[in-house]
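Trainee: sharing a sequence plus its predicted fold:
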Amino acid sequence: MKRDGLKWAKAAPGVIPAWVADMDLPTAPAVVEALQARAAGDLGYPVWLDSETGGPLAEAFAERMATRYGWEADPGVVRSFDDINQALQVLLQVWTTAGDGVAVHTPAYHPFLGTIESMGRTLRPIQFRPDGDGWRADDADLGGCRVLLLVNPHNPTGRVFTRVELEGLAEQAERHDLLVIADEIHADLVYEPHRHIPFATILPERTVTLTSATKAFNLGGIRCSVAHLGMPEVRKALAEQPEFIYGSPNLFGVEATVAAWRHGDAWLAGTLSLLDRNRRTLAARLPSSVGYRMPEATYLAWLNVGRPGMADVLEQEARVMLNDGAIFGPGGEDCVRLNFATTEEILAEIVTRIAPVLG
């Protein structure tokens, strides 16, 4: 398979990239077939642009939520966006003003931190801390916030929130009159025995759920995501904006997403099996000096390597390209993030290269 995307193109010759969240795996056959069929067919304006029901993307989203998570999501309140960060920016634009507090569990997906800062909103971190083999979040006091941005499953720690934790956050959201923006893009990448619980099943009328097929099905370049607008006031605020300001879904993005959600689960099951083996390989082979807690979801390993700046050291000395933990905000300074969504052979070489530098 030719690798000419950003992940591999940005790495210098001889450097193995394990940074940006793309997989080194072939695309699901159902997605390839759907895109080939569309390319050979009608590429004009799709009929669903005029659909009052949200079209095939909204319908496929609702079907997947019902069958996989037991959530009867309303396809009539689904809006499409290019990606999750665009949707977040739109929501913050229509629902908040400069200085408003946005609570986020940290360390946090760095584009979200950049969005909050660039829009002049105030980051209210809820710190994740090591707790045995997993992670525990500090008790959150969301007073004075306008929004809780809930990333579940969590990036970069791979933590899957429990029902008790979600109910506690819901109680705070009710008490402080918050909008909850639930980024659930990694929901399909949860390992047994953990279970993903859509936040909208707990607090439906305060929640906007953001998701996409891009992470679980390795489709980062298709630029297609959905927002389920459970909060009526948010729907009203969005409806008051100019008609075309947010654009419309891309034809190929919709085709790929619908095919993945409706016909890609056999491919996903095989991929999850590989990822499960890979996360366990890291646990078995990383030096004991590295703080590694096997993620409960995602294909991202959050490694405490004991001092800042180690991503540059590993790229120079081990010839492996990782994300520097400092960009993930509070709690990330001594860490790196490693993407283990690759072949077992490549992962073995990654560990062989980095272990002597980290040990």
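Mentor: Nice, I can see it.
Trainee: which strand or helix spans Q127?
Mentor: Q127 belongs to strand 122-131 when elements are defined using DSSP states H and E.
Trainee: from the middle of its chain, how far away would that strand be?
Mentor: 17 Å (C-alpha atoms, centre = their mean, to the nearest Å).
Trainee: parallel or antiparallel, list what pairs with the next helix or strand after it.
Mentor: Per DSSP H and E, the first helix or strand lying C-terminal to strand 122-131 is strand 134-137. If you go by DSSP bridges, strand 134-137 pairs up with strand 122-131 (antiparallel).
Trainee: show me what counts as buried in the partner strand.
Mentor: 122-126, 128 (16 or more other C-beta atoms under 10 Å). C-beta: built from backbone N, CA, C; applies to glycine.
Trainee: and the contacts of that strand?
Mentor: In this structure, residues lying in contact with strand 122-131 by C-beta atoms under 8 Å, 6 or more residues apart in numbering are 99-108, 113, 116-117, 135-138, 140, 142, 144-145, 154, 157, 159, 291, 293, 304, 329-331.
Trainee: please pick the buried ones from those.
Mentor: By 16+ other C-beta under 10 Å, the contacts of strand 122-131 give 100-108, 113, 116, 135, 137, 140, 142, 145, 154, 157, 159, 293, 304, 329, 331 as buried.
Trainee: CA atoms only: put the top helix by length along the chain into CSV for me.
Mentor: Identified as the longest helix of the chain according to DSSP state H is helix 265-285. In CSV, the C-alpha atoms belonging to helix 265-285 read as follows (Å, rounded to 0.1, in the frame of the first residue of the first chain):
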residue,chain,number,x,y,z
ASP,A,265,-18.3,-3.9,11.0
ALA,A,266,-16.5,-7.1,9.9
TRP,A,267,-13.5,-5.0,8.9
LEU,A,268,-13.8,-3.1,12.2
ALA,A,269,-13.8,-6.3,14.3
GLY,A,270,-10.6,-7.5,12.7
THR,A,271,-9.0,-4.1,13.1
LEU,A,272,-10.0,-4.0,16.8
SER,A,273,-8.4,-7.4,17.3
LEU,A,274,-5.1,-6.2,15.8
LEU,A,275,-5.2,-3.0,17.9
ASP,A,276,-5.9,-5.0,21.1
ARG,A,277,-2.8,-7.1,20.4
ASN,A,278,-0.8,-4.0,19.7
ARG,A,279,-1.7,-2.2,23.0
ARG,A,280,-0.8,-5.4,24.8
THR,A,281,2.6,-5.6,23.0
LEU,A,282,3.4,-2.1,24.3
ALA,A,283,2.6,-3.2,27.8
ALA,A,284,4.9,-6.2,27.5
ARG,A,285,7.8,-4.6,25.7
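Trainee: other SSEs contacting that helix?
Mentor: helix 344-358 (3 or more C-beta pairs under 8 Å, 6 or more residues apart in numbering; DSSP states H and E).
Trainee: the helix it packs on to helix 265-285, inter-axis angle?
Mentor: Using axes from the mean of the first three to the mean of the last three C-alpha atoms, to 10 degrees, the direction of helix 344-358 lies 30 degrees away from that of helix 265-285.
Trainee: can you give me the buried ones in helix 344-358?
Mentor: For helix 344-358, burial by neighbour count (16+ other C-beta under 10 Å) applies to 347, 350-351, 353-354, 357-358.
Trainee: Q36: which of the residues you listed is nearest?
Mentor: Nearest to Q36 among the buried residues of helix 344-358 is L347, at 30.5 Å by C-beta to C-beta.
Trainee: what sits against the closest one?
Mentor: Contacts of L347 by C-beta under 8 Å, 6+ apart are 278, 281-282, 340.
Trainee: top of those residues by neighbour count?
Mentor: Neighbour counts for the contacts of L347 peak at F340, which has 24 neighbours (criterion: other C-beta atoms under 10 Å).
Trainee: find the nearest non-adjacent residue to it, please.
Mentor: Spatial nearest neighbour of F340, excluding adjacent residues (C-beta to C-beta, 6 or more residues apart in numbering): N278 at 4.4 Å.
Trainee: that neighbour touches E345, doesn't it?
Mentor: No. Judged on C-beta atoms under 8 Å, N278 makes no contact with E345 at a distance of 11.0 Å.
Trainee: sketch out the low-pLDDT regions of the protein for me.
Mentor: Residues of the chain meeting the criterion pLDDT under 70: 1-2, 50-54.
Trainee: ok, now how distant is Y191 from P295?
Mentor: As defined by C-beta to C-beta, to the nearest Å, Y191 lies at a distance of 8 Å from P295.
Trainee: ugh, wrong one, G270
Mentor: 19 Å.
Trainee: same question, M119
Mentor: 29 Å.
Trainee: compare these two (neighbour count), which wins?
Mentor: Neighbours were counted for M119 and for P295 using other C-beta under 10 Å; P295 has more, 29 against 16.
Trainee: so the more buried one makes contact with R279?
Mentor: Yes. Between P295 and R279 there is a contact under C-beta under 8 Å: 6.1 Å.
Trainee: list residues touching both of the two?
Mentor: 191, 301.
Trainee: circling back to that earlier point, can you list residues touching both of Y191 and P295?
Mentor: Jointly contacting Y191 and P295 under the rule C-beta under 8 Å, 6+ apart are R279.
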